[in-house]
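[1] I'd like to go over a predicted model; first the sequence, then the structure.
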Amino acid sequence: MRVDSLRRYPVKSMLGEAVESLFVDEGGAEGDRRLALVDTETGHVASAKQARLWRGLLQCTAHAGAGPVRIGLPDGTTVTADDPGVDDVLSRLVGRPVRLVRQRPDGATLERPDPEKLLELGLDAAAAEVGGRIVKIAQATPGDSFTDEAPLHAITTATLEHIGVEALRYRPNLVIATPPGEPPYGEKDWVGRELLVGEVRLRPLTETSRCVVPTLEHGPLPRAPQALRTPAAENRWDTGGHGKQPCAGVYLAVLAAGVVRVGDPVTVGP
């Protein structure tokens with residue numbers, strides 16, 4: 001196996017960017033999910049998991065570089081994260097008062113409606129019928145990043161090709177190319193072992209339970225209900241004590257920091 005591509009998402013729930021290398025440590029990937037919108041009315045972190053409110057964020061892009069993060073808006077304009085008016089711009093965009101924050105609040109939470117119910121009833125019609133479970137985020141991630149559960153997320157090309165969707169829908173940091181004939185969902189066999197990626201040592205923690213986000217429009221890409229329905233039919237696991245959930249990919253902790261590069265060999269240890 002080898003690293004097929006690397007991605008980071010500077011602002012949570014916005015489209016990210018492909019990169020040739022990523023420095024990773026116990027806090028995750030450098031520049032990844034280091035900014036997020038917070039709903040000033042509820043205090044929850046804005047996440048497209050609550051599609052009724054926040055799916056429009058997936059029409060925005062975010063790019064990290066030497067200067068402040070640049071946010072590309074659906075109308076083609078750009079605003080930087082340090083612009084004094086960025087909160088007003090983003091509040092108008094989403095139709096709710098929000099703040100762009102750089103430090104994860106203590107006990108940061110988001111709202112996660114049942115993804116399969118949302119697909120069954122419709123993203124808008126379901127809003128009044130599908131209650132959102134309030135979830136604490138980043139409990140396995142030291143520091144201030146806004147990862148959902150763990151510092152890094154990986155998925156294999158075998159899983160993506162089987163489901164028939166683009167990698168960006170699942171928002172992984174590492175896309176790992178597998179040999180021809182490798183079965184999908186093989187990531188589940190890595191849990192509890194070590195993953196050596198180049199010279200970086202990672203610990204697969206648990207399979208990644210999937211929400212409604214991969215099914216939504218991502219920029220110009222249309223909806224893709226199979227991104228949830230296929231793993232729901234084929235690969236369900238209880239990863240967090242909430243019953244069996246559709247899963248694809250794996251969450252990872254970083255055991256030894258370093259730089260991961262596209263093309264690095266990937267081996268699974270004991």
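    Done, it's in.

[2] Flag the shaky bits of the stretch 51-200 of the chain, pLDDT-wise.
    Regions of the stretch 51-200 of the chain meeting the criterion pLDDT under 70 cover residues 123-131.

[3] all strands for the stretch 1-150 of the chain, in order.
    Along the stretch 1-150 of the chain, the segments classed as strands by DSSP state E, counting those that start in this stretch run 2-8, 17-19, 21-25, 28-29, 36-39, 61-63, 70-72, 78-80, 98-101, 109-113, 132-136.

[4] who wins for proximity to Asp87 among those?
    strand 98-101 (5.3 Å; CB to CB). C-beta: built from backbone N, CA, C; applies to glycine.

[5] now the closest one: how far from the chain's centre is it?
    Relative to its chain's centre, strand 98-101 lies at 19 Å (CA atoms, centre = their mean, to the nearest Å).

[6] Check which helices and strands that strand is in contact with.
    With contacts taken as 3 or more CB pairs under 8 Å, 6 or more residues apart in numbering; DSSP states H and E, strand 98-101 sits against strand 36-39, helix 86-94.

[7] excluding its backbone neighbours, what's nearest the spatially most central residue of the chain?
    For the chain, the residue lying nearest the average C-alpha position, counting by CA atoms, centre = their mean, turns out to be Arg171 (4.0 Å). Once flanking residues are discounted, Arg171 sits nearest to Tyr9: 6.0 Å by CB to CB, 6 or more residues apart in numbering.

[8] Looks like that neighbour contacts Tyr170 (just checking).
    No: using CB atoms under 8 Å, Tyr9 is not in contact with Tyr170, being 11.3 Å away.

[9] tell me which residues in stretch 175-186 are buried?
    By neighbour count with 16 or more other CB atoms under 10 Å, stretch 175-186 contains the buried residues Val175, Ile176, Ala177, Thr178, Glu182, Pro184, Tyr185, Gly186.

[10] what's the most distant pair in those?
    Farthest pair in the buried residues of stretch 175-186, by CB to CB: Ala177 and Tyr185, 15.7 Å.

[11] Which residue is the nearest non-sequential neighbour of Glu234?
    Among residues not flanking Glu234 along the chain, Tyr185 sits closest, at 7.3 Å (CB to CB, 6+ apart).

[12] Pull up the gap between the one you found and Ala158, please.
    8 Å (CB to CB, to the nearest Å).

[13] For the nearest residue to Ala150 once chain neighbours are set aside, give me its contacts.
    Nearest residue to Ala150, sequence neighbours excluded (CB to CB, 6+ apart): Tyr251, at 3.6 Å. Going by CB atoms under 8 Å, 6 or more residues apart in numbering, Tyr251 touches Ala140, Glu149, Ala150, Leu152, His153, Pro204, Leu205, Thr206, Glu207, Thr208.
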